[in-house]
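A.B. asks: Sequence first, then the predicted structure, then my questions.
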Amino acid sequence: MSRFFTTGSDSESESSLSGEELVTKPVGGNYGKQPLLLSEDEEDTKRVVRSAKDKRFEELTNLIRTIRNAMKIRDVTKCLEEFELLGKAYGKAKSIVDKEGVPRFYIRILADLEDYLNELWEDKEGKKKMNKNNAKALSTLRQKIRKYNRDFESHITNYKQNPEQSADEDAEKNEEDSEGSSDEDEDDEGVSAAAFLKKKSEAPSGESRKFLKKMEDEDEDSEDSEDDEDWDTGSTSSDSDSEEEEGKQTVLASRFLKKAPTTEEDKKAAEKKREDKAKKKHDRKSKRLDEEEEDNEGGEWERVRGGVPLVKEKPKMFAKGTEITHTVVIKKLNEILQARGKKGTDRAAQIELLQLLVQIASENNLGEGVTVKIKFNIIASLYDYNPNLATYMKPEMWQKCLDCINELMDILFANPNIFVGENILEESENLHNADQPLRVRGCILTLVERMDEEFTKIMQNTDPHSQEYVEHLKDEAQVCTIIERVQRYLEEKGTTDEICRIYLRRILHTYYKFDYKAHQRQLTPPEGSSKSEQDQAENEGEDSAVLMERLCKYIYAKDRTDRIRTCAILCHIYHHALHSRWYQARDLMLMSHLQDNIQHADPPVQILYNRTMVQLGICAFRQGLTKDAHNALLDIQSSGRAKELLGQGLLLRSLQERNQEQEKVERRRQVPFHLHINLELLECVYLVSAMLLEIPYMAAHESDARRRMISKQFHHQLRVGERQPLLGPPESMREHVVAASKAMKMGDWKTCHSFIINEKMNGKVWDLFPEADKVRSMLVRKIQEESLRTYLFTYSSVYDSISMETLSDMFELDLPTVHSIISKMIINEELMASLDQPTQTVVMHRTEPTAQQNLALQLAEKLGSLVENNERVFDHKQGTYGGYFRDQKDGYRKNEGYMRRGGYRQQQSQTAY
């Protein structure tokens, strides 16, 4: 464009250049008399004068425009960058804002941006599709805008309560820009900074409207003609002046410049023109609205999300008049499946299309083969609905999945000529030829295993203390029914490996459940029940013990994978232990030798092994075998990580040692809540077993320097109890056990009994056992026996002899039991005494060493160990030492220590109580 046209300014050029600079023009100046110098050497460029307010507000407006453009294309990263720049620009304009007040357009962008970010945040599907940078920027910007908007809460609230004011202003400015009017030029004195900035920000929409409305009406031509008249008046005035000017170029320039109205008549004429234009504009707007309403015919506008729309074309089912055949349906099925897994695919719509395809196939009687194939794909699509492994199925999708599997099983049972399997290739499928067996590619066992995993995920991700968990748990009956149906189907048509896999699924849903019906039948003799009750009991189905025996033995014989056999053995042992069949469970564990190589198994199998060992220990405790119970529970309880080892939760200290991905993997391994073992009951059983073993042992080896600890955790609890400055009545389970231990150490079995068995302990622990009364009676008897042993160890040095009748009365035990306990102690050389049968007394032998003798014995033991170490070092250098030291008389002999009671030869006491 020539430099000549840049000198003046008309309405059209000013509206197009409104985004560049605001030139202040002297009101009433005569542009026709200004000379135009075209020579670059002599050119005197007029300086642009702008206020600081206009500069700062223009900078803010440019940044706001960039942010709005980024919002339209969902570029959150750009929004974050521009928002930081906007904050800095606002800080520079702080002095102006303090004088003028916070501008309306600034409040509007803050409110709009916060609403926009909240909308993006709530759109879960949209967040999943975001790239990594946008997702990170969304979180950062959302926090920043919330923190930043706290300083403008009152302004934003007022704006949200009355947003119409700014909206009306924007609409008026858009209309004025779209008409290309020159009203601003005629009334330059009334232009405010805010109005100017609004015009600048809305300029693009005004330009677009101008191009869209060029061909609408012919009224604009009349308006243009009026503008031409304005230009003519200007030109006549310039003609009169041109005679006095030296060059023709200045005359040409003045022709394109408007004169400001000077007289009252000119002002009135200009005002009348503006009113006429506004009236015409209003008429055109109302006319355009009427035409749009006619075109819409009652339709409503819909709000759409910003960003580039993804073109998602649903595949059309069938054109009108298409003949529905097997080939057409399979082709359409493949067309739908091609979109599976692609970005932007609507999974819910895909499932609906597949269900619609099933209906079409059924309506056209295309056969069960096609229906089975589509059903397989529907179930697979339901599993793929959540691409993330950590997320679980929604309730409606879960119910759809169960119904679809049941329908599929109904078809397979009703049509025995249909064969399904993974080994069937798609080329060899037979979907419609009824002369041959129908063959469909697909594995029903894989679908059921995935269904079982989805059920486990649902239970893992549901709050176990809510009613929702109970509702989900009711679905297990449907899951078990489906597994039984698939089991019956595979027993007829499946391979050995498939039968083993489905048997394991059945076992995993059976092994942890206590069979109350079978337990009741054991307690109630068959003679005492009527015939009808017996028939009813028989018709209820086989006992879980018989079922587990049958399923596990099949796996033991037929399975070729170690993992399935290992899981089956552990579940079988768990079930035995749960139903108090201690000896069968123990023998099966010892014969399997699982404890030798379980560390090489995968984590879920190790968790199952830990659960089985814990259940085995609890079973031994119920049988009164405290030593076996302690040995079974020792590894789990001594680690201090019982909760984690049993898959019942993650410890806080271990969470710090692993990263986020490892934590997710660990959480997926957790056992659902209804399979949990009560950790307080477990710890109580362990501590009581340790008490019954440790207290008599401590009494027997009170002054033995080389006394070993049976249970470190039990000793830790004792030390904690001793360190307490104030000893009140026990509150927790541990405090009860510590108080009972102190009473047993003194031989006071009644106090010990009152601490172990009371209302508080019954509610916390003992009532949780199936046969609680039997367990409590066993505990009382064990406390009496161990208290008697402790009493004899502690006070044997005081007595010369003691009557067994006295002991029987003290500990409320019958004489044969007292006689048996004392005899075992004498035989095992734990008690230096003899029984006087005629008088029923225990005669003590004064063979216990004194305190001085004990010290001498300890010194001798230390000297012996010192000599052994010296011999080991010497012989190691010679290369002849093999763990023994030389004795001149006996050749090589083992190092023998000394024992506190029973002479000078130490023997390992093998008690079988």
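C.D. replies: Cool, the structure landed. Just so it is clear, the structure is predicted and the values come from calculations on it, not from any experiment.

A.B. asks: just checking, residue 792 touches residue 822?
C.D. replies: Yes. Counting by C-beta atoms under 8 Å, residue 822 is a contact partner of residue 792 at 7.2 Å. Every C-beta, even on glycine, is put in place using the N, C-alpha and C of the backbone.

A.B. asks: So for these two, which sits in the more crowded spot?
C.D. replies: residue 792 (24 against 21; other C-beta atoms under 10 Å).

A.B. asks: Apart from its neighbours in sequence, what residue is nearest that one?
C.D. replies: In this structure, residue 792 finds its nearest non-sequential neighbour in residue 831, 5.9 Å apart by C-beta to C-beta, 6 or more residues apart in numbering.

A.B. asks: Same question for residue 459.
C.D. replies: According to C-beta to C-beta, 6+ apart, the nearest residue to residue 459 is residue 672 (3.8 Å).

A.B. asks: For stretch 387-394, give me every contacting residue.
C.D. replies: Residues outside stretch 387-394 that contact it (C-beta atoms under 8 Å, 6 or more residues apart in numbering) are 382, 385, 386, 401, 454, 457, 458, 460, 461, 664, 667, 668.

A.B. asks: Counting neighbours, what do you get for residue 869?
C.D. replies: Quick note: residue 869 (other C-beta under 10 Å) scores 11 neighbours.

A.B. asks: Does it lie in a helix or a strand, and which?
C.D. replies: helix 851-878 (DSSP states H and E).

A.B. asks: The residue nearest to residue 792: what's it in contact with?
C.D. replies: 792, 793, 796, 822, 825, 901.

A.B. asks: Would you mind naming the residues that bridge with the closest residue to the third one other than its chain neighbours?
C.D. replies: This points to residue 796. Among residues not flanking residue 796 along the chain, residue 844 sits closest, at 5.6 Å (C-beta to C-beta, 6+ apart). Residue 844 has these beta-bridge partners by DSSP bridges: residue 833.

A.B. asks: dump the residue contacts of residue 442.
C.D. replies: Taking C-beta under 8 Å, 6+ apart, one finds 372, 373, 376, 420, 421, 422 in contact with residue 442.

A.B. asks: give me that answer again for 6 Å
C.D. replies: For residue 442, the contact set (C-beta atoms under 6 Å, 6 or more residues apart in numbering) comprises 376, 420.

A.B. asks: Give me the below-cutoff pLDDT ranges for the protein.
C.D. replies: Low-confidence segments of the chain (pLDDT under 70): 1-48, 164-265, 287-317, 319-321, 525-542, 653-656, 703-706, 846-850, 879-913.

A.B. asks: Okay, strands next: where are they in it?
C.D. replies: For the chain, the strands defined by DSSP state E occupy 418-421, 438-441, 801-803, 833-836, 841-844, 885-887, 891-893.

A.B. asks: May I see the ones you listed organised as TSV, with distance to residue 599 added?
C.D. replies: Listed next are the strands of the chain as TSV, based on distance: least, C-beta to C-beta, whole Å:
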stretch	distance to residue 599
strand 418-421	37
strand 438-441	40
strand 801-803	51
strand 833-836	47
strand 841-844	49
strand 885-887	36
strand 891-893	36
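
A.B. asks: State the distance from residue 822 to residue 695.
C.D. replies: 18 Å (C-beta to C-beta, to the nearest Å).

A.B. asks: so what's residue 582 up against?
C.D. replies: 619, 620, 623.

A.B. asks: looking at it, the first one is touching residue 578, isn't it?
C.D. replies: No. Contact status for residue 619 versus residue 578: not in contact, 7.4 Å apart, counting by C-beta atoms under 6 Å.
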